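Trainee: Sequence and predicted structure below; questions after.
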Amino acid sequence: MTASNGSGVSLQGLRKYFAAGKRVTTAPKRGAIDGLDLEIADGEFFVLLGPSGCGKTTTLRCIAGLEEPSAGRIALGGGVVADPAAGLFVPPEKRAIGMVFQSYALWPHMSVFDNVAYPLRHRRKGLSREQLAREVGAALALVGLDGLEGRGPAELSGGQQQRVALARAVVARPSLLLFDEPLSNLDAQLRQRLRQDLRRVHEEAGGTSIYVTHDQAEALALADRVAVMRLGRLEQLGTPTEIFLSPATRFVAEFVGFDNLLPGRLTGREGERASFLPDGWSREVSGRAPAALAVGQRGLLAFRSANLRLHAGAAGEGAANAFAARAGAIAYLGERFQAEVAVEGQRLLASLPLAAWDGRGDLHHPPAWHEAHVTLAPGDAVILPAEEAGTDSATTDTVAAGAAAEAV
Amino acid sequence: MSADFPAGALRRPPPDFLSPRRWPYARLALYAALFFILVWPVLMLVVGSFRSAAPGFDGAWTLAAWSGTFDSPGTGRAMGNSLVLSLVSTLAATLIAAGLAFLSERTDVPLRRGVTPCLMLMFATPALFYALGYAMLGNAYTGSANKLLQTLFGTGAAWFDVETWTGLITVMVLKKASIIYLFLIGPFRALDPSHHDASLVSGVGQLGTFFRIDLPTLTPAITGAVLLGVVAGLQAFDMVLILGWPQDIDVVATRIMSFINGAAPPDYARASVLSIALLAVVALLCILQSRLLGRRSFVTVAGKSGGGRRIRLGRARWPLAALVGLYLFLAAILPIGSVVFSSFQPFPGLYEGYSLQHYRNILALPRVVDAIQTTFAVALLSGFAAMALAVSVALLARALPPRRAALLRFVSLIPLAMPGVVTALAVSWAVVSVPGLKQLYGTFWLVTLALVVVVTPFAIQVANAAVTQLSPELQEAARIAGASPFRAAIDVVLRLIAPSFLAGWFMAAVIVSGNLEVPLLLRAPGLNPISSVVYSLYSSGDFSAASALLVILLLAKAAIWGIAWAGYRAWVAVRGQRRRRLLGALAGDSGVPPSRPAAASA
């Protein structure tokens, strides 16, 4: 498979409104896009991540040409394909793309061979029968399905159907591949296996891939860069490591599994290191803060329960980020215990390693320690800017569901 | 171990109140009733073809009918005409219906919101009404369309004559397209948009995708529609009678009628032979269709729907909208308007002096008043009987093993294969063959029974749709909450079915009131409903009086529907008020407002 030529994607000021009946509302509705700017590099595996209704699928469909944007510009490989202000819209059949749909969308009245050959027949006319058969065979071999050309889609399992859809998307050697939550209809084990195949096909095809998902684990495993979206806007853009370890907003933090969030004030900083006083606490916590946050500003301290360790006994003198704690209910999570703790009068979630259990007492009740303390490495505590008033808290339900799905 | 069971406990849980196991005699009675009205008439039709006299009269066994019927040139011609008419009209109607369905469901053509309501109106208009409307519009002598064009363009001769082959086929196509459209609209809506999108991103444009992807997926639905159209075409009666007979165009159904009403003495045997031939052809077509489609199963995996995005037509919008508008005008507005218009004309062909005179006149005629009463009674009774039977069958079929349920469903569709004349004939033979029922012949009850048979397949579709929505869990939940089986049946099943029952009753009554064939065949004094009075007014040249009576029928249907709808809204409002008062009382008692918002009225 040869490398593509100039297949970067550029979105400038992308907006999409859905009409409510006959009126077009300017408030972003579910699935609408509200001013999106993205530059996706040639050959990148780019993931759009977010809860349902955040506009990621709409964005993908605008890039594919299956939806017309209300405003903004979309350019594929340097050529503008959509610009409502200039009255320009290139229909999808004229854009050199391949797409894998969530429901596979295999045509039931055609065999596997005809399904995969379809884009070849219409995008690269004039191929002889042998050439066609060779290309189709190569595409099927790439996804591990050689020998199944004669079957009908109804005779295949879900995973096989998805592979056929993938073969169909790459067979005409498009420079841009689009994926619309392709793995969400499959069970967890199959998802793991197909994930690796997707990445492999992307490497071998050599083009750009844009992948839409609500599953955080998929995004982290596959992406070169991730764009987290919410209510039609970009929340954060970065590498998987940046998103996972250094979320920029409360929404992203909750989405990637930060389950302790404390509002407070930034009290001092040296470079990246900063000290933060949560509301109602008597001592400061040291953590990491982005440069944009100034001393004295309000902010939010975020850390994962996996990083807040519970220990027996009193905190040692001079230990950084060590606080007295009282342990509450314990839950068994498989690779560790999660404990509810009371620190400085507030309820937090902390972790106990499996080794800490000595078998005394009930699994669900706190260990009978006279004293306990929690420790938190400063590098694991992220300080975020405070949210504006009137943040939509309805999304926390979907966010919590996404985080919970990932935690299991 | 012995447990203390509460009083009233049984050793085994009783079947639910409506389950067939609980009512074995009722189940047998239902089977017997179905057999008598659906299967027995066909059997007796076959027997009747070997009899030399009318049903109920003494006669001999004879093979004369079988040998003679197919030899006569009239019959051969009628069969040929039926075939040609049916095939040509179905082909054209399917093309129009598929185009309309595609435009109204998948594109943004203007006027698309009016298409389905208009075609439902056409479907509900009886063929008699339709045929008369066109006859008055386009006949060569007094047709209003002809007169209009002559005055506008000043020519002497008539522009067109609807009472010809071309006219007949055109009118049939227009009406048939509405049936096929309503049949196709469901499958069109169910088309998975991602299949369409996948083709677009593979490099094929909108039109190519329609022909390569959408149409093939719809093949089973379209084949079913074509079959339906061909069967309906073979059974055509009303339109041929009104538009075709002046030109001696005869089809199978009208030939059967003329064997009985047009020969002296009436030749029931030949009528029966021809009926059986028709049934055989239809049965063959149905077997052919199930063989053709049985092999290929187009199972589509339902995924996330992309909202069914509509195709933007661009420059083609207005020409296509004009075509859609033209069809709606020709097929719906024109015939209905024509009937209403001529009811105000003093004479057909006279274009001044409009008045309500015809309405006054016909309402003064005793036979018209009789007809209105008869129609009302027959429609009410047969509608109710058909729906009651249909609901019982649907509830029964729920509990049967699949093969028997399929057999039941097949049997219930038998009347679809028979035109009204054949049903009337078969029911006549069936009734006189049972000793004791013989005196029903020639009475009101025979007509009612025949109409029940005619409308049963339709009623069963409505009942099935209503009953399949009832999951058994609904009754089980009532039982767990403490309701007895009887209460669970009443509170859950009957109350949930009630709206569909009433709607089905009304629609069946509408179909029955527009039926011409059955009362025409089973002529008897004092037995003529509105449809046969309209026909006799028309045949004696009194077009305007016929139109007036048709308009009265239409208004009566609309009035009943209006009353039913208003009654439903009133009931919903009263129920909402009762609920609010109850919730208010609950809040008052505890001082805490209920957790559900009280404004949840329907």
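Mentor: Received the coordinates, thanks. Everything quoted here is computed from the prediction, not taken from an experiment.
Trainee: Just give the nearest non-adjacent residue to residue 41, would you?
Mentor: Chain wasn't specified; assuming chain A. Take residue A:41 and drop its neighbours on the chain: the residue closest to it by Cβ to Cβ, 6 or more residues apart in numbering or on different chains is residue A:8, 5.4 Å away. Bear in mind the C-beta positions are built from the backbone N, C-alpha and C, glycine included.
Trainee: you looked at the wrong chain, it should be chain B
Mentor: Distances taken as Cβ to Cβ, 6+ apart place residue B:426 nearest to residue B:41, at 3.6 Å, with adjacent residues excluded.
Trainee: The one you found and residue B:256: what is the separation?
Mentor: Computed as Cβ to Cβ, to the nearest Å, the residue B:426 to residue B:256 distance reads 11 Å.
Trainee: Which neighbours do those two have in common?
Mentor: residue B:275 (Cβ atoms under 8 Å, 6 or more residues apart in numbering or on different chains).
Trainee: give the contact list for the closest residue to residue A:153 other than its chain neighbours.
Mentor: Nearest in space to residue A:153, with sequence neighbours left out and distances taken as Cβ to Cβ, 6+ apart, is residue A:106 at 3.9 Å. Residues near residue A:106 by Cβ under 8 Å, 6+ apart: A:112, A:115, A:153, A:161, A:164, A:165, A:168.
Trainee: follow-up on the earlier one: what sits against the residue nearest to residue A:41?
Mentor: A:39, A:40, A:41, A:42, A:44, A:77, A:78, A:208.
Trainee: ranking these by neighbours, who comes first?
Mentor: Taking other Cβ atoms under 10 Å in any protein chain shown as the neighbour criterion, residue A:208 ranks highest of the contacts of residue A:8 with 27 neighbours.
Trainee: OK, now which residue of the stretch 101-250 of chain A is nearest to chain B?
Mentor: Of the residues in the stretch 101-250 of chain A, the one nearest chain B is residue A:103, at a distance of 1.9 Å by Cβ to the nearest Cβ.
Trainee: mind checking the SS state of that residue?
Mentor: Using DSSP: H, G, I helix; E, B strand; the rest coil, the secondary structure recorded for residue A:103 is coil.
Trainee: can I assume it is in contact with residue B:194?
Mentor: Yes - between residue A:103 and residue B:194 there is a contact at 5.3 Å, judged by Cβ atoms under 8 Å.
Trainee: count of neighbours near residue A:307?
Mentor: Residue A:307, neighbours per other Cβ under 10 Å, totals 16.
Trainee: Excluding residues flanking it in the chain, which one is nearest it?
Mentor: residue A:380 (3.9 Å).
Trainee: Strands along the stretch 251-400 of chain A, start to end?
Mentor: Secondary structure of the stretch 251-400 of chain A by DSSP state E, counting those that start in this stretch: the strands cover A:260-270, A:273-278, A:285-288, A:298-303, A:308-312, A:322-332, A:337-343, A:346-352, A:372-376, A:382-385.
Trainee: And the first one, what's buried?
Mentor: Buried residues in strand A:260-270, counted by 16 or more other Cβ atoms under 10 Å in any protein chain shown: A:260, A:262, A:264, A:266, A:269.
Trainee: Direction included, what does it pair up with?
Mentor: Its sheet considered, strand A:260-270 pairs with strand A:273-278 (antiparallel), strand A:298-303 (antiparallel) by DSSP bridges.
Trainee: Can you name the residues in contact with the first one?
Mentor: Okay, so that is strand A:273-278. Strand A:273-278 is contacted by residues A:262-269, A:283-289, A:293, A:299, A:301, A:344, A:346, A:378, A:381, A:383 when judged by Cβ under 8 Å, 6+ apart.
Trainee: try 7 Å this time
Mentor: A:262-268, A:284-289, A:299, A:301, A:378, A:383 (Cβ atoms under 7 Å, 6 or more residues apart in numbering or on different chains).
Trainee: And it, how far out from the chain middle?
Mentor: 28 Å (Cα atoms, centre = their mean, to the nearest Å).
Trainee: and that strand with strand A:337-343, angle?
Mentor: Angle of strand A:273-278 versus strand A:337-343, following axes from the mean of the first three to the mean of the last three Cα atoms, to 10 degrees, is 70 degrees.
Trainee: any idea how chain B splits into domains?
Mentor: What automatic domain parsing lists as the domains of chain B is B:14-42+B:360-541, B:68-251+B:278-293+B:315-343.
Trainee: Residue A:301 and chain B, how far apart?
Mentor: 36 Å (Cβ to the nearest Cβ, to the nearest Å).
Trainee: typo on my end, it should be residue A:77
Mentor: 16 Å.
Trainee: if we can go back for a sec, turn the strands of the stretch 251-400 of chain A into JSON lines, including mean pLDDT.
Mentor: Formatted as JSON lines, the strands of the stretch 251-400 of chain A follow (pLDDT from 0 to 100):
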{"stretch": "strand A:260-270", "mean pLDDT": "90"}
{"stretch": "strand A:273-278", "mean pLDDT": "91"}
{"stretch": "strand A:285-288", "mean pLDDT": "90"}
{"stretch": "strand A:298-303", "mean pLDDT": "92"}
{"stretch": "strand A:308-312", "mean pLDDT": "87"}
{"stretch": "strand A:322-332", "mean pLDDT": "85"}
{"stretch": "strand A:337-343", "mean pLDDT": "89"}
{"stretch": "strand A:346-352", "mean pLDDT": "90"}
{"stretch": "strand A:372-376", "mean pLDDT": "88"}
{"stretch": "strand A:382-385", "mean pLDDT": "91"}
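Trainee: would you turn those strands into JSON lines with distance to residue B:359?
Mentor: Putting these into JSON lines (distance: least, Cβ to Cβ, whole Å) gives the following:
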{"stretch": "strand A:260-270", "distance to residue B:359": "79"}
{"stretch": "strand A:273-278", "distance to residue B:359": "86"}
{"stretch": "strand A:285-288", "distance to residue B:359": "90"}
{"stretch": "strand A:298-303", "distance to residue B:359": "80"}
{"stretch": "strand A:308-312", "distance to residue B:359": "88"}
{"stretch": "strand A:322-332", "distance to residue B:359": "82"}
{"stretch": "strand A:337-343", "distance to residue B:359": "83"}
{"stretch": "strand A:346-352", "distance to residue B:359": "82"}
{"stretch": "strand A:372-376", "distance to residue B:359": "91"}
{"stretch": "strand A:382-385", "distance to residue B:359": "80"}
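Trainee: among those strands, which is nearest residue B:496?
Mentor: strand A:322-332 (43.8 Å; Cβ to Cβ).
Trainee: Could you tell me the average pLDDT over stretch B:463-482, please?
Mentor: Averaged over stretch B:463-482, pLDDT sits at 79.
Trainee: same deal with stretch B:103-110?
Mentor: According to the model, stretch B:103-110 has a mean pLDDT of 83.
Trainee: Using CSV, write out the CA atom coordinates for it.
Mentor: These are the backbone C-alpha positions of stretch B:103-110, laid out as CSV (Å, rounded to 0.1, in the frame of the first residue of the first chain):
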residue,chain,number,x,y,z
LEU,B,103,-40.1,11.5,-3.3
SER,B,104,-42.3,11.9,-0.2
GLU,B,105,-40.1,9.8,2.1
ARG,B,106,-36.5,10.4,1.0
THR,B,107,-36.4,13.8,-0.6
ASP,B,108,-37.3,17.4,0.3
VAL,B,109,-39.7,17.9,-2.6
PRO,B,110,-42.3,20.6,-1.7
